[in-house]
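>>> Okay, here's the prediction I keep looking at, along with the sequence it came from:
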Amino acid sequence: MPTNTTAWSTASRGAPSRFDVIAFLLVAGLICFLGAGSHGVLAPLKTIEQSPVTLDPAHLPWYAARTTLRMLAAMACSLLFTFTYATWAAKSPRAEKILVPLLDVLQSVPILGFISVTFVFFMSLAPGRVLGAEFAAIFGIFTSQAWNMAFSFYQSLRTVPAELEEAAKSFRLSAWARFWRLEVPFAVPPLIWNMMMSMSGGWFFVVASEAITVGSHTVTLPGMGAYIALAIQNRNLGAVGLAVLTMLVVILIYDQLLFRPLVAWADLFRFEQEPGVTPPRSWVLEALGKSPLMARVLRLLRQTRRQLGIAFSAAPGFPRFETRAHSRRLDVAGIVIVIALLALALWQTSDLLRPSFHWRDVGVAVGLGAITMLRVFVLIALASLVWVPVGVWVGLHPKVARIVQPVAQFLAAFPTNLLFPFVVTGLFAWKLNPDIWLSPLMILGTQWYILFNVIAGAMAIPGEMRFVGENFGVRGWLWWSKIALPAVFPFYVTGALTASGGSWNAAIVAEVVSWGDERAEAAGLGSYIANATVAGDFYRIALGCVTMSLYVLVINRLLWRPLYYYAERKFRLS
């Protein structure tokens, strides 16, 4: 059986083969999934009110399909955002000064804050239709997926090895060709791992995205998030267990059909291929690679891509970053647009806060933010001590990585809400302090950013570095300090930065937990925003979101961004 490096070239012309049948079944299944998941999207909004979410297990497959389709739509939007926003930030020093801090702010804004502010806007796009609520839910999931993917792609573009850059110049590749033939392939392996983490992050916040409550307005979309919210409200442990089982099945399915093929395909683009190491394999990729029908489709797609590349490269407005004058005009135009949007956002925020502004409220929000910040620092430090050595070990053992991948995906996707029954029961039974014992919930979904990025970094360690260490007998702390940690440090910073921002976001879910009528709350900025959202107090929502954004921006400027640039200068492969 051929490996993945030759799988796509083994297809031969002739009559339909069994691999064509497999390819046809996969495509047909995808079409049926899209049809089932999008059913009722254009229906009037009152239809979901007339047919509310129930705990009947027979509806779980449909709920799972709806949620998965929303997450895949958000993933497509996140990829588009990543390829445009992160590329612009990485290639333009002038734009970078605005875009990177803006990305820091965006990842710090709570999902509830995004939904609260944009809910009316998205509903107005399709008045009286379910489609408007779907847009709001997809946007909410998008805000939990896009930022770490953009950071990963940005970091990869900034650390492309110098010899590859020289090779691109020697072959006189255009900006378009260099992007798709050099930069994207180099960035693909860590990007795939961050896509997996983003997909899991979408599960983590799916309850807030599908069961939208803003003041007196409540819209509950059919899906796994709404099912989980209803199970918690009704204190139904059986329904919670069914939700966990359904999530596990769905994650295993899209792991086999989507992420395993992507990981196997991304292995072709590793910067350094070590001889004698068995590459990751995917039965889906191998079956499609042996299908003559898919081979024809791929040839057509490659021809289309090549023609588009020629057309774009010849277009007078196509960005060529090596042309300084053109790049300067493009940057100025883009920066003006960004500044205008920022000014509009600041004006809207000040207009909302000014009528009810009190310095006492600001002091309360800042004080609660300091408490949440302390929790974030402690949790990130503990998670780093645990997952950095584990991630390095997993990344250096490809067979272990293939086993760990779906397990870590499931654990990362596990919504904190499903632990509320046990957490609330334990807090009241043992009279525990919620300010301390609710804190671990903040890191449960975000610690995996560190693990996934460290695994990607360990897998990218060149074989010659490891062989040199073995030949010189480098072991113990010397091996960690001279080989392992320097190699994974840029990836770790990306993971820790996104984990930090995600932990701030998760505080809204973690600092207020409920199980039926029982409720536990920890002091912090997350509980402040959560309570304001339930009450429909847009003044406190805006104040809490602005305070959280300022905290994250200052921390990123003083801590994570200097570490980011240090990793780029000190540990870049060259």
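Okay, I see it.

>>> Quick one: neighbours of Ile138, just the number.
22 (other C-beta atoms under 10 Å). Quick note: C-beta positions are derived from backbone N, CA and C, even for glycine.

>>> Can I take it that it is in a helix?
Yes - going by DSSP: H, G, I helix; E, B strand; the rest coil, the assignment for Ile138 places it inside a helix.

>>> was I right about it contacting Met75?
No - the pair Ile138 / Met75 is not scored as a contact, 9.9 Å apart, by C-beta atoms under 8 Å.

>>> could you say what helices and strands whichever strand or helix holds Phe422 packs with?
Taking DSSP states H and E as the criterion, Phe422 maps to helix 420-430. Other elements packing on helix 420-430 under the criterion 3 or more C-beta pairs under 8 Å, 6 or more residues apart in numbering; DSSP states H and E are helix 434-437, strand 512-515, strand 518-521.

>>> which residues of this protein fall in strands?
211-214, 217-220, 512-515, 518-521 (DSSP state E).

>>> Take those and write them to a markdown table, including distance to Gly202.
Putting the strands of the chain into a markdown table (distance: least, C-beta to C-beta, whole Å) gives the following:
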| stretch | distance to Gly202 |
| --- | --- |
| strand 211-214 | 15 |
| strand 217-220 | 18 |
| strand 512-515 | 21 |
| strand 518-521 | 26 |
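
>>> mind checking which of the ones you listed is nearest Phe452?
The closest of the strands of the chain to Phe452 is strand 512-515. By C-beta to C-beta, the value is 26.0 Å.

>>> average pLDDT for that closest one?
The average of the pLDDT scores along strand 512-515 is 80.

>>> Just list what it packs against, helices and strands only.
Using 3+ C-beta pairs under 8 Å, 6+ apart as the contact criterion, the elements in contact with strand 512-515 are helix 420-430, strand 518-521, helix 525-535.

>>> thought Tyr154 was touching Trp88?
No - between Tyr154 and Trp88 there is no contact, the gap being 9.6 Å when judged by C-beta under 8 Å.

>>> Same drill for the two, tell me which one is more crowded.
Each of Tyr154 and Trp88 had its neighbours counted (other C-beta under 10 Å), and the higher figure belongs to Tyr154 (25 against 19).

>>> The more buried one: what's its closest spatial neighbour, skipping adjacent residues?
Closest residue to Tyr154 apart from its sequence neighbours, by C-beta to C-beta, 6 or more residues apart in numbering: Ala86 at 4.2 Å.

>>> Show the pLDDT at that neighbour.
Confidence at Ala86, expressed as pLDDT, is 91.

>>> roughly how far apart are it and Leu301?
Ala86 sits 24 Å away from Leu301, going by C-beta to C-beta, to the nearest Å.

>>> One more: Gly140?
32 Å.

>>> between the two, who's got more neighbours?
Per other C-beta under 10 Å, whichever of Gly140 and Leu301 has more neighbours is Gly140, with 26 against 10.

>>> From what I see, that one and Val109 are in contact.
No - counting by C-beta under 8 Å, no contact exists between Gly140 and Val109, whose distance comes to 11.5 Å.

>>> so where's the stretch 201-350 of the chain uncertain?
Filtered on pLDDT under 70, the stretch 201-350 of the chain yields the residue ranges 213-217, 270-278, 305-335, 337-339, 341-350.
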